[in-house]
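1. Got a sequence here, can you build the structure:
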Amino acid sequence: MHSTLLAAARHLDRNIQILEQSGQSADHPMHPAIPETRHLKYSVCRILPNS
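-> Model prediction:
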């Protein structure tokens, strides 16, 4: 997910600051050997002008 957010910011000629991310709750655990089991619920980001 980070790469998607960074690519979108780059496309708009902006910088992005990821402030918070949340994943699945404890009743849906991620299997350490299968990263596809990780679920992203939301990201809180700040979009900044390119300096």
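
2. show me where pLDDT drops low in the chain?
-> Low-confidence segments of the chain (pLDDT under 70): 1.

3. And the strands in the protein?
-> Assigned by DSSP state E, the chain shows strands spanning 14-23, 40-49.

4. how about those strands, which one is nearest Met30?
-> strand 14-23 (7.4 Å; CB to CB). Glycine gets a C-beta too; all of them are placed from N, C-alpha and C.

5. residues contacting the closest residue to His28 other than its chain neighbours?
-> Setting aside the residues directly before and after it, His28 is nearest to His39 in space (CB to CB, 6 or more residues apart in numbering), at 6.6 Å. By CB atoms under 8 Å, 6 or more residues apart in numbering, the residues touching His39 are Gly23, Gln24, His28, Met30.

6. The same query, at a cut-off of 10 Å, please.
-> Ser22, Gly23, Gln24, Ser25, His28, Met30 (CB atoms under 10 Å, 6 or more residues apart in numbering).

7. And for the fifth one, the neighbour number?
-> Meaning His28. Around His28 there are 10 other residues, counting by other CB atoms under 10 Å.

8. ditto for Tyr42
-> Neighbouring residues of Tyr42 were enumerated by other CB under 10 Å; the total is 9.

9. go on, the one 4 residues further on?
-> As a burial measure, the neighbour count of Arg46 was computed by other CB under 10 Å and equals 9.

10. tell me the contacts of the residue lying closest to it once chain neighbours are set aside?
-> In this structure, Arg46 finds its nearest non-sequential neighbour in Gln17, 4.3 Å apart by CB to CB, 6+ apart. Applying CB under 10 Å, 6+ apart to Gln17 gives the contacts Ala9, Val44, Cys45, Arg46, Ile47, Leu48.

11. how close does Met43 get to Ala8?
-> Check again: residue 43 is Ser, not Met. 11 Å (CB to CB, to the nearest Å).

12. Mutual contacts of the two, please.
-> Residues touching both Ser43 and Ala8 by CB under 10 Å, 6+ apart: Ile16.

13. For Asn15, list the residues it contacts.
-> Counted by CB under 10 Å, 6+ apart, Asn15 has contacts Leu6, Ala9, Arg46, Ile47, Leu48, Pro49, Asn50, Ser51.

14. Could you give the bridge partners of it?
-> Leu48 (DSSP bridges).
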